[in-house]
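Student: Attaching a predicted model along with its sequence, questions to come.
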Amino acid sequence: FSFTWKLTGLRASPIHFCFFHYSAELRYKKSENEKMIRGLKLPGKFQVPLGAFQAVVPGGGKTDSHRGFHGDGDYVLILDCSENKEKALDYTKEWKVLPLTENLQLLMYGGEKEDHFYNYNLADASNIPEIKNGYYYFYDRYANSKDTKDDTNILRGSFNFSLALYDLDTDIMYLLEFDT
């Protein structure tokens, strides 16, 4: 986002004081990575081949909850890869084999670790089932992250990450961005 002030006129009051009249303009600059799949935004870290897969819109079409000044929210895109399995497997060849790491499992499905209970349940809120057979890709977009592919310190007070999951049994790909 960029925020700019624009001088839109000069106004004089009855007592001859001059006031500058400004208007604020908020402009959204699309990143070069942002792509569209059948009218749906594709999260920037995922370079899925356009037109290769069918988008499945969960929850009546609302996939992006990013709102407000800081851009908090989540974005979910579900892709049916059943008609192009070879391309999906080629796309995921650099991903890690499931299961998720313990930390990502806690974020996605909840659970307990070191006497702390984690109740994020991002998978349930995003219509993502627990996947046993497949691949995943994690990218930490947190500003202070030293290694963007390491989730060791993900259980913190603020999240900015992207997670992709590919279910080999159903040929469904799930793309999630989560920002707080």
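Tutor: On my side now, so go ahead.
Student: check which helix or strand covers the closest residue to Ser126 other than its chain neighbours.
Tutor: Nearest in space to Ser126, with sequence neighbours left out and distances taken as CB to CB, 6 or more residues apart in numbering, is Val76 at 4.5 Å. (Each C-beta comes from the backbone N, C-alpha and C, glycine too.) In this assignment (DSSP states H and E), Val76 forms part of strand 73-80.
Student: Can you name the element that comes right after that strand?
Tutor: Where DSSP H and E defines the elements, the next helix or strand beyond strand 73-80 is helix 85-91.
Student: could you give the mean pLDDT of the helix or strand that that next one is followed by?
Tutor: Using DSSP H and E, the helix or strand that follows helix 85-91 in sequence is strand 96-97. Averaging pLDDT along strand 96-97 gives 97.
Student: and strand 96-97, which strands flank it?
Tutor: Paired with strand 96-97 in the same sheet, following DSSP bridges, are strand 134-140 (antiparallel).
Student: by contact count, what packs against whichever helix or strand comes after the strand it pairs with?
Tutor: Proceeding N to C from strand 134-140, the next assigned helix or strand is strand 160-167, under DSSP H and E. Strand 160-167 is packed against strand 134-140, strand 172-179, with contacts defined by 3 or more CB pairs under 8 Å, 6 or more residues apart in numbering; DSSP states H and E.
Student: mind checking the end-to-end distance for stretch 133-149?
Tutor: Using CA to CA, to the nearest Å, one end of stretch 133-149 lies 21 Å from the other.
Student: circling back: single out the most deeply packed of the helices and strands packed on strand 160-167.
Tutor: Comparing those by mean neighbour count (mean count of other CB atoms under 10 Å), strand 172-179 comes out on top with a mean of 22.
Student: Mind giving me the packing neighbours of it?
Tutor: Where contact means 3+ CB pairs under 8 Å, 6+ apart, strand 172-179 is packed against strand 73-80, strand 160-167.
Student: Please identify which of the ones you listed is closest to Trp95.
Tutor: Of all the helices and strands packed on strand 172-179, it is strand 160-167 that lies closest to Trp95, at 6.9 Å by CB to CB.
Student: rewinding a little: just the C-alphas of the strand holding Val76, formatted as PDB.
Tutor: The C-alpha coordinates for strand 73-80 follow below in PDB (Å, rounded to 0.1, in the frame of the first residue of the first chain):
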ATOM      1  CA  GLY A  73      -6.400 -11.700   7.900                       C
ATOM      2  CA  ASP A  74      -6.100 -14.900   5.900                       C
ATOM      3  CA  TYR A  75      -6.300 -15.900   2.300                       C
ATOM      4  CA  VAL A  76      -7.300 -19.400   1.100                       C
ATOM      5  CA  LEU A  77      -7.300 -20.800  -2.300                       C
ATOM      6  CA  ILE A  78      -8.300 -24.400  -3.000                       C
ATOM      7  CA  LEU A  79      -7.300 -25.900  -6.400                       C
ATOM      8  CA  ASP A  80      -8.600 -29.100  -7.900                       C
END
